[in-house]
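Visitor: Dropping the sequence and predicted coords here.
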Amino acid sequence: MNLKKLQFWKKKSSSRSGGSRRRSYGYGYGLLRDIIRVPELGLGELFWVTGALLVANAFMVISLFRFYLAMQDYSHAILVPVIAAAAAWVTLSRSGIKPLVVGEYWGFPIVLAGLGIQFGAMWYEIGLVAGGVVSEYFTSVGLVISIWGLFICFFGFRAMRLFWFPLLYLIFMIPGLPGPPESWLKNTLRNIVTAASAGILEHVFRYAVFVENNMMEIAAHNAEDNVRPIVLGVEDACSGIRSLWAMLAVAPAIAWFLRLRPFLIALFIPLGVFLAIFQNIIRVVATALLCDFFGMDWAMGTKHEVVGGATFFLSAIILVFLSVLLAPPPQPKKEAYGSYGTYGVYGSYGAAGGYGSYGGPSTAAYHAANDPEAEKDEDDEIDPGQRREFFFSRIQGIRVGVYACLALMLVGQLVLFQRYAIRSRVQFKIAQSRETLDAFPGEMGNFKRIYWGELPETALRILQPSESYVGWYATPDNKLVNVIINFWEPVIGFNGTSWAFPHSPDVCFREAGWEIEEEVAVPEDLMFEDEILYSRMYQNNVKRQMVLYWYNRDEVTRIMNEFIDIELDETSTESKGYFNRINHMVRSWHRPKDYSRYQYSIGIYVQEQGNRQESIELAHDFARELRKHITPFGLIPLQKIDLDNIEQSLQIAEEPQEAAPVAEPVAAL
């Protein structure tokens, strides 16, 4: 069989009409016009292909969905697939034009590229950093590329010309720009909104406004004593970043559904950027006026959200008005040559069940005699049977290839789970077997607990531990020691919040106005190979404080703290690119326990009591006593855990002392 003739048959047409060559409709367009077409999928097979794509990447799809629900900046992305599907339906129903479907094997490399990106994102999430924006970003990128590849496989390039908007609109599923680019964008928007809002309040409403960074201090007009200032801070939520992402998705959708031309739809994207900034300027100005007239309650909570919703609705109304103004008049429906309702397997062949209608593959029929494009050429030596054989073999090849790609992705997902399964099992077994920090002993050697509590709300919001313990202990001679313990449940996948981890105390102490006076040497009996320990003597203008702070030597936490150390060191020229993380991601495959993300931290804080050396020794003595009691609470490195005897690993040789009665929990000083 001559495959070349089969694939590029009916190249010639000698019929002419009116002195000009009659148009010969091929099976594609442009360079692809002679490729045999693959008919469209029925709804049933579309369902199965979509389901297979979601199952093949179920873990990250669920993680992405939870990310959208938790991160308000990107919550609109949940509706993007719905809007894209509605646009595809409108494309089919707006007129009688249907695509001349040309299934393309070129879709396979695109599908594989998209699935490969998703696999990398999944590996990054499971093996390295869970709960971060980066993995969700690349998951959405890979998902969009996979959908494009599947579309090309089954419908071909010609159909993309008709369905260009639904396919491109899926880009708005991608959550922003992770890392430094988004931080730069937030700061830029915040500066613009702050400056513009202050200018309007000064020149339009005649307020006296003092601006410092993103803070505005406004002299009130309507206060009883006329001296009460209004202090507003333009935070990230008010910078316009949330409105920007939402408006970028809303603007082209409104323009397309109101039938604007493609170049006008493209112009609506920068218009959406302008309206997002405009909306937040109006929001800040309105908030300032409402706070002046009705009180500071309008700067927070539900009332503040109502103001934001009203300004966003106003921007949407402006977009709709402009779209209606620019929209062309309605056009009558047109029937295109080669529509599915007319031409059978190249269309639907009337009532014949098959690929062109909603019948299954087993009922498909090939009626070459009914194909109006199949003119008889003298050079055409391919009989209808050979064409039919090639046609359905091409269909079958594409289907088998697509399902093979999705099956390969599913196997890759299972391999990742299996590789890190032992680590995950140990993490959760420890979490179930350990004692809670509420049972932490109230007496340890010569140290007796005075009172205990939890971290302040601000610290809980930043660190996000599963459990925290703050205790104050005293010696018989009334010397005080403060201990803070945090424990994080193992994180697998996006858990609704960004992943938090123990970090160098230099960060918090520097922000609180403390400086490192000395890095104090640590006795060997207090150091563990699989833990990272900081020993510092801090000072400020009036006092000193000795700090011992340690956490497990989890490689992910270690590299994250290296990034922090680089930021703290103003003279450092090192970079913290993502290539370093990729290297660690590969290494985690061979050392899953070392990248466990099994997190805990212990901090001992001793205000200077007596001389400097006595404070250091007091911290060391308390650390020695504390080491004897922390094992049952799971506060030991994962590398020290016996995989087969987890419960025994969490026991200690001597029975822990009975906890002393405790007072009501109070916040740490």
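Guide: In hand now; what should we look at?
Visitor: for the stretch 151-300 of the chain, which spans come out with low pLDDT?
Guide: Judged by pLDDT under 70, the stretch 151-300 of the chain has its weakly predicted residues at 178-180, 221-228, 236-240.
Visitor: ranges for the strands of it?
Guide: With DSSP state E, counting those that start in this stretch as the criterion, the stretch 151-300 of the chain has strands at 209-212, 215-219, 229-233.
Visitor: Run me through the strand neighbours of the last one, direction for each.
Guide: So that's strand 229-233. In the sheet, strand 229-233 lines up against strand 215-219 (antiparallel) (DSSP bridges).
Visitor: same check, this time on the shortest one
Guide: Partner strands and pairing direction for strand 209-212 (DSSP bridges) are strand 215-219 (antiparallel).
Visitor: returning to that earlier point: so which of the strands of the stretch 151-300 of the chain is nearest Phe501?
Guide: strand 229-233 (27.3 Å; CB to CB). Where C-beta positions appear, they are placed from N, C-alpha and C, glycine not excepted.
Visitor: can you give me how far the closest one is from the chain middle?
Guide: On the basis of CA atoms, centre = their mean, to the nearest Å, strand 229-233 sits 33 Å off its chain's mean C-alpha point.
Visitor: Then stretch 398-416?
Guide: A distance of 23 Å separates the centroid of the chain from that of stretch 398-416, by CA atoms, centre = their mean.
Visitor: which parts of it are buried?
Guide: 398-399, 401-402, 405-406, 409-410, 412-413, 416 (16 or more other CB atoms under 10 Å).
Visitor: do the same with stretch 510-518
Guide: Within stretch 510-518, the residues that count as buried by 16+ other CB under 10 Å are 514, 516.
Visitor: One more: stretch 85-94?
Guide: 87-88, 91.
Visitor: With stretch 535-543 instead?
Guide: Neighbour-count burial for stretch 535-543, with 16+ other CB under 10 Å as criterion, is recorded at 535-539.
Visitor: mind putting the residues you listed in CSV, pLDDT and secondary structure included?
Guide: Listed next are those as CSV, based on pLDDT from 0 to 100; DSSP: H, G, I helix; E, B strand; the rest coil:
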residue, pLDDT, secondary structure
Ser535, 92, strand
Arg536, 91, strand
Met537, 93, strand
Tyr538, 92, strand
Gln539, 90, strand
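Visitor: I'd like to know which of the buried residues of stretch 85-94 is nearest to Leu460.
Guide: Nearest to Leu460 among the buried residues of stretch 85-94 is Ala87, at 43.6 Å by CB to CB.
Visitor: So what's the residue count around Glu617?
Guide: 15 (other CB atoms under 10 Å).
Visitor: need the contact list for Tyr469.
Guide: 437-438, 440, 452, 454, 483-486 (CB atoms under 8 Å, 6 or more residues apart in numbering).
Visitor: ok, which stretches of the stretch 451-600 of the chain are strands?
Guide: 467-474, 480-488, 515-519, 531-539, 544-552, 599-607.
Visitor: Looking at those, which is nearest to Phe65?
Guide: Within the strands of the stretch 451-600 of the chain, the stretch nearest Phe65 is strand 480-488; the backing value is 23.0 Å (CB to CB).
Visitor: and the angle for the closest one with strand 467-474?
Guide: Orientation check (axes from the mean of the first three to the mean of the last three CA atoms, to 10 degrees): strand 480-488 against strand 467-474 gives 170 degrees.
Visitor: returning to that earlier point: can I get the strands of the stretch 451-600 of the chain in JSON lines including distance to Tyr207?
Guide: Shown next, in JSON lines, are these (distance: least, CB to CB, whole Å):
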{"stretch": "strand 467-474", "distance to Tyr207": "43"}
{"stretch": "strand 480-488", "distance to Tyr207": "44"}
{"stretch": "strand 515-519", "distance to Tyr207": "40"}
{"stretch": "strand 531-539", "distance to Tyr207": "43"}
{"stretch": "strand 544-552", "distance to Tyr207": "44"}
{"stretch": "strand 599-607", "distance to Tyr207": "45"}
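Visitor: To which secondary structure element is Thr91 assigned?
Guide: Taking DSSP states H and E as the criterion, the element that holds Thr91 is helix 80-94.
Visitor: any idea how far Thr194 is from Met215?
Guide: Computed as CB to CB, to the nearest Å, the Met215 to Thr194 distance reads 8 Å.
Visitor: And Val306, by the same measure?
Guide: 22 Å.
Visitor: With Ala77 instead?
Guide: 27 Å.
Visitor: do the same with Val82
Guide: 35 Å.
Visitor: between those two, who's got more neighbours?
Guide: Neighbour count, other CB under 10 Å: between Val82 and Thr194, Thr194 has more, with 25 against 9.
Visitor: Would you enumerate the residues in contact with the more buried one?
Guide: Residues near Thr194 by CB under 8 Å, 6+ apart: 211, 213-214, 216, 234, 284.
Visitor: next one: Glu617
Guide: With contact set as CB under 8 Å, 6+ apart, Glu617 has no partners.
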